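Q: Quick one, fold the following:
(chains A and B)
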Amino acid sequence: MLSIRHLNKAYRGPGSRLMLRDIGFEVAAGEYVAIMGESGVGKSTLLNLVAGLDLPDSGSIAFEGSELTALDDNARTLLRRDRMGFVFQAFHLLPHLTVAQNVMLPLRLGGAAADHSARLTGDMLEAVGIGALAAAYPRELSGGEMQRVAIARALVHRPRLVLADEPTGNLDAESAGQVLAVLREAVKRNAGAGILVTHSAAAAATTDRIYRLTAEGLQRSGEQ
Amino acid sequence: MAAWPGATIQAVSAGALRDNPGRFALALLGVVLGVALGVAVHLINASALNEFKLAVHSLSGDADLVIRGPRAGFDESLYARLARLPQVQAASPAVESEAQLTGRRETLRIIGLDAFRAAQVQPELIAAMRDQLRDLFDAEALLLSHSAAQWLGLDVGDTLRVDVGTSAIEFKVVGLLPPGAYRQRIAVMDIASAQWRLQRLGRIHRIDLRLRPGTDIDTFQRSLAALLPAGVLAATPEAELERSADLSRSYRLNLDMLALVALFTGAFLVFSTQVLAILRRRSQLATLRVLGLTRRALSGMLIAEGALLGALGSGLGVALGCALAALVLRHFGADLGAGYFRIAAPALHIEPVALALYWLLGTAFAIAGAAVPAIEAGRRAPAHALRAGDEEEGLKKLHTFRAGAALILSGFALTAAPPVNGLPVFGYGAIALILLGTLLLMPALAVMTLARLPAWRFPPAMLAVAQLQATPRQVAISIGAIVTSFSLMVAMLIMVGSFRQSLEEWLTGMLPADLYVRAARSGDAGFFTPEQQARIAATPGVGHARFMRSRNLLLAPERPAVFLLAREIATGPASATLPLVSAPYILPSQAPPAAWISEVAADLHGLRPGDEILLPLDAQPSLFTVAGIWRDYARQTGAIVIDRETYIAITGDRLANEAALWLASGSTPREVEPALRERLSAAQSIEITTAREMRGESLSIFDRTFAVTYALEVVAVLIGLFGVSVSFSAQALARRREFGVLRHIGMTRREIGLMLGCEGALVSALGVGFGLALGWLISLILVYVINRQSFHWSIDLHVPWLALAALAAVLVAAASVTAAWSGRRVMSDDVVGAVREDW
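A: Now for the predicted structure:
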């Protein structure tokens, strides 16, 4: 499903350095993998490259038959909209939209009808356990609830690939456990794939396979 | 908790400035433009007024009293009588004439002086003429002021031609007054030569009196009243200045008010920029509170930032305003093309107190803009303010509805107040209160209207509506910026459009004849003799001719002269001849003859139909009855119409200045004009025009007069649009993270641009909608209160719907494009970086 080969990415300007060196790995349909590493090693940079939000200096990113590096910004955006879901550490919910409106956004952007979007949104909110909060605004929620909303928004359009960047970084242990469970379950239920970027071993332990990213490159840690 | 050290607070402020230099620069530019425009217009007016003072002083010199008569002058024997009075130390007679320049459209003021007498009362003027005094005794000689020579392109030895009666006469320029001696365009000659050459034998126009030391001027002035013939009045030079300046006072006030409108628009721009900027920094500010910055220190820091912006911007605005005023005075003169001040390139008259006032005003608006959100930011609990989306919660605490409603009601009440010293001060106060009140109502209006917006299916539009509905009070600030500038523009457009339409209709009614023949285009020296009138009436092709005699009359020393128009009044109702605005008054059988007075004359002299009025037509004033009030846009000092037969019976004056000709059927103006010129071949200065040409010329003068109004309006709207642009740009900058998130979840740049375009269109459409309603309301005050109290004539309301609709469409389109463009600039940045931003 996702095949990454010989990926290199450097940051230029003052203090320029090579962030990613000859990275290569594959993720098959139904797989949920973790990428671990120290802060600043380039985990989020790798995730952004996979999402098509940034372009590598060299190397290839093939996703379901499409070479991302060959697509223009618009095509990468449309691919991300239709087939990927994104979960951030800081939730990044739109404060002026209700929970339901936030979750519904990928469906509406994808052209789904309003009533169909509303039904799928309701189902997804129930699935992540916050069905009662549909009309609430983000500022009225706890951190754990906000991350569930973010997960619902990332999964509502049944993406083929879910990308989660430190999704439990801002949560307490109990909320983090619940969120990770919801995330894994959702990835598996949709029969897609998932990449979890984290520096937490406990979070990584919820995935099928763990990669460790260091300055030397990406190494597989072992299967779960 | 102790306040933070000042240096740390300064570092925090400086960091905010460094972070957003563009936003600071835009806000600064708003203050600069607003203050500069206000200062420039004020300085131009002040410079013009200063020139008036210098001109009156140059002419009256050390005089304690000025005796002035009508344009036709008074008998010169009065001079001898007054000079013999024991209280009079020196008396200087003068002849004054506005002479029509041959072959030109303008007139030149010619002053005839007795050099020996004038030396005692106007020593400065005579000292300036010292070297040429002997040459002046030549009957064909005159001196030109430096500005007149420059304007006419004449030098010493050249010939000046002017029209007298219907003939041209020549003068020789024997010298120039020194550049600094007299700044107005005038010519000076010997009084006896002036009386002879200008056909004023035995007549003079003014006498300047210097009184013996110890004479009480007021008492003497009162005692003089008994000695002066009808229509001749005594006034102090100060009253003379006041009377001259009065002519343009309303015009100058209106310009000043327009400049204040621009300043207010600029001020609101500063205010809204400050409010939004502080709202956007809310979570940063809350962090500072968490770190130990006291509530007072935080508010103080933000207010100091506003003060710095205001002080700097106002300082630059004052400097720019001075430069603009100097530039305008050099290139366009003091009247900006309106024809009020006949001064060539007046010097810039700097008034430090006024400049300081404008600087203070600009700074105060900036401080107020910072103070409102600063105080609220200080009061808000940091725990709440740290959360995203709390900005709207903060604004909810500002309850402005009641204050807004109270201001609007007070504004309506003020419209009923009379003018103060002839100026519509309360009218302008009403507009200010209603405008301010509407701005205070705006949050409530925004909440109400935005909540009623329909749900859109198109995702960018849906997001735009959701954004606006979630932040109605922030949106209200942007709407307010549009409402301020657009409503004032709408009001001015309706007022000027109404005036123009009324003028056009008035011209059509007042110019019913086919052809008009004037003895001189302007000035007071041209006339037709009875014999010439007979020749005009008998010209082939002329079916019917009506003649009019016009002259001016001084009715009160503190008021400018009114125009007397002696003309044929058609049999039947006077409304068939004059555009009456009052119900015609039926004269009782024994009542004095009828006089129809213009609205201006009625207002200035407090007259109503049925009142009796003394007109100084001859040595003895004659009593008339006010038979009606008519609309007159041509004579802003007032006009009185009487029947020409009555006038001739009282005065014996059978001269006429103008003829209205109705052509016989089958004749055309093109055929009749050469015949008229042939019959009046001795008359070189006659002017023959069709009614259509006169209408066209009047409307072109009108458009020229209001050109400056249009220019100021455009500036006000540009400042408003600039404010909208600043507001959108600043909001786009603040929403970088939101755009980043939207890009992460698959929204294209184009869709985000569309979303911002929709927001811009909705905000500006609401601003334009409210602006139209408010502008219409303000236009009613302008038309029915301010215009009436300023100029004393009425106008009918005409709303230029097409122009307003076009303007509204342009504004909405411009705002939408601006909003989308501001988003594009932000989106060209790093998407990943935007999402990582803390603030």
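Q: contacts, neighbours, all on C-alpha from now
A: OK.
Q: Got the phi and psi for residue B:215?
A: phi -80, psi 130 (degrees, to the nearest 10).
Q: Might you enumerate the residues of the stretch 151-300 of chain B proximal to chain A?
A: By C-alpha under 8 Å from any C-alpha of the partner chain, no part of the stretch 151-300 of chain B sits against chain A.
Q: so where's the stretch 151-300 of chain B shaky on pLDDT?
A: Residue ranges of the stretch 151-300 of chain B with pLDDT under 70: B:165-166, B:180-183, B:240-263, B:266, B:270, B:273-274, B:283, B:290-292.
Q: Going along the chain, name the strands of it.
A: With DSSP state E, counting those that start in this stretch as the criterion, the stretch 151-300 of chain B has strands at B:159-164, B:167-176, B:186-190, B:203-204, B:206-211, B:233-235.
Q: same thing with chain A?
A: In chain A, the strands defined using DSSP state E lie at A:2-11, A:17-27, A:32-36, A:58-63, A:66-67, A:84-87, A:161-165, A:193-198, A:209-214, A:217-223.
Q: Mind checking those for the one nearest to chain B?
A: strand A:84-87 (6.6 Å; C-alpha to the nearest C-alpha).
Q: other SSEs contacting the closest one?
A: Packed against strand A:84-87 by the contact rule (3 or more C-alpha pairs under 8 Å, 6 or more residues apart in numbering or on different chains; DSSP states H and E) you find helix A:143-155, strand A:161-165.
Q: got JSON lines for the ones you listed, with distance to residue A:6, mean neighbour count and mean pLDDT too?
A: What follows is those, written out as JSON lines (distance: least, C-alpha to C-alpha, whole Å; neighbours: other C-alpha atoms under 10 Å in any protein chain shown; pLDDT from 0 to 100):
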{"stretch": "helix A:143-155", "distance to residue A:6": "28", "mean neighbour count": "25", "mean pLDDT": "87"}
{"stretch": "strand A:161-165", "distance to residue A:6": "20", "mean neighbour count": "26", "mean pLDDT": "90"}
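Q: Distance to residue B:325 for these - can I get that in CSV?
A: Converted to CSV, the helices and strands packed on strand A:84-87 look like this (distance: least, C-alpha to C-alpha, whole Å):
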stretch, distance to residue B:325
helix A:143-155, 59
strand A:161-165, 61
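Q: So for chain B, which of these sits nearest?
A: helix A:143-155 (7.8 Å).
Q: What helix or strand is the residue in the stretch 501-650 of chain B positioned nearest to chain A located in?
A: Using C-alpha to the nearest C-alpha, residue B:501 is the residue of the stretch 501-650 of chain B that sits closest to chain A, at 49.1 Å. Following DSSP states H and E, one finds residue B:501 within helix B:472-510.
Q: re earlier: which one of the strands of chain A has the most crowded surroundings?
A: Stretch with highest mean neighbour count among the strands of chain A: strand A:84-87 (a mean of 28; mean count of other C-alpha atoms under 10 Å in any protein chain shown).
Q: In space, what's closest to whichever residue of chain B sits closest to chain A - neighbours in sequence excluded?
A: Nearest residue of chain B to chain A, counting by C-alpha to the nearest C-alpha: residue B:746, 3.8 Å away. Spatially, and ignoring its direct neighbours in sequence, residue B:746 is nearest to residue A:81 (3.8 Å; C-alpha to C-alpha, 6 or more residues apart in numbering or on different chains).
Q: what number of residues lie near that neighbour?
A: Other residues near residue A:81 come to 26 when the count uses other C-alpha atoms under 10 Å in any protein chain shown.
Q: how about residue B:81, what does it touch?
A: Not one residue lies near residue B:81 by C-alpha atoms under 8 Å, 6 or more residues apart in numbering or on different chains.
Q: what's downstream of the helix or strand harbouring it, the next helix or strand?
A: Remark: residue B:81 resides in helix B:77-83, with elements defined by DSSP H and E. Using DSSP H and E, the helix or strand that follows helix B:77-83 in sequence is strand B:88-101.
Q: any idea of the angle that following strand forms with strand B:159-164?
A: 90 degrees (axes from the mean of the first three to the mean of the last three C-alpha atoms, to 10 degrees).
Q: check contacts around the residue of chain A found nearest chain B.
A: At 3.8 Å from chain B, residue A:81 is the closest residue in chain A, using C-alpha to the nearest C-alpha. Counting by C-alpha under 8 Å, 6+ apart, residue A:81 touches A:106, A:109-110, B:745-747.
Q: Equivalent analysis for residue B:321, please.
A: For residue B:321, the residues meeting the contact criterion (C-alpha under 8 Å, 6+ apart) are B:35-40.
Q: Which members of those occur in helices, if any?
A: Taking DSSP state H, the ones among the contacts of residue B:321 that sit in helices are B:35-40.
Q: Let's see if you can find the most crowded of the residues you listed.
A: In the ones in helices among the contacts of residue B:321, the most neighbours by other C-alpha under 10 Å go to residue B:35, 35 neighbours.
Q: close enough to count as contact, it and residue B:322?
A: No: assessed by C-alpha atoms under 8 Å, residue B:35 is found out of contact with residue B:322, at 10.5 Å.
Q: ok so, going back, which residues touch the residue nearest to the residue of the stretch 501-650 of chain B closest to chain A when sequence neighbours are not counted?
A: Leaving out its chain neighbours, the residue that sits closest to residue B:501 by C-alpha to C-alpha, 6+ apart is residue B:798, at 7.1 Å. Counting by C-alpha under 8 Å, 6+ apart, residue B:798 makes contact with B:494-495, B:497-498, B:501.
Q: can you put these in a markdown table and add neighbour count?
A: Converted to a markdown table, those look like this (neighbours: other C-alpha atoms under 10 Å in any protein chain shown):
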| residue | neighbour count |
| --- | --- |
| B:494 | 26 |
| B:495 | 27 |
| B:497 | 18 |
| B:498 | 20 |
| B:501 | 19 |
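Q: what's the closest of those to residue A:41?
A: Residue A:41 has its nearest neighbour among those in residue B:494, at 66.5 Å by C-alpha to C-alpha.
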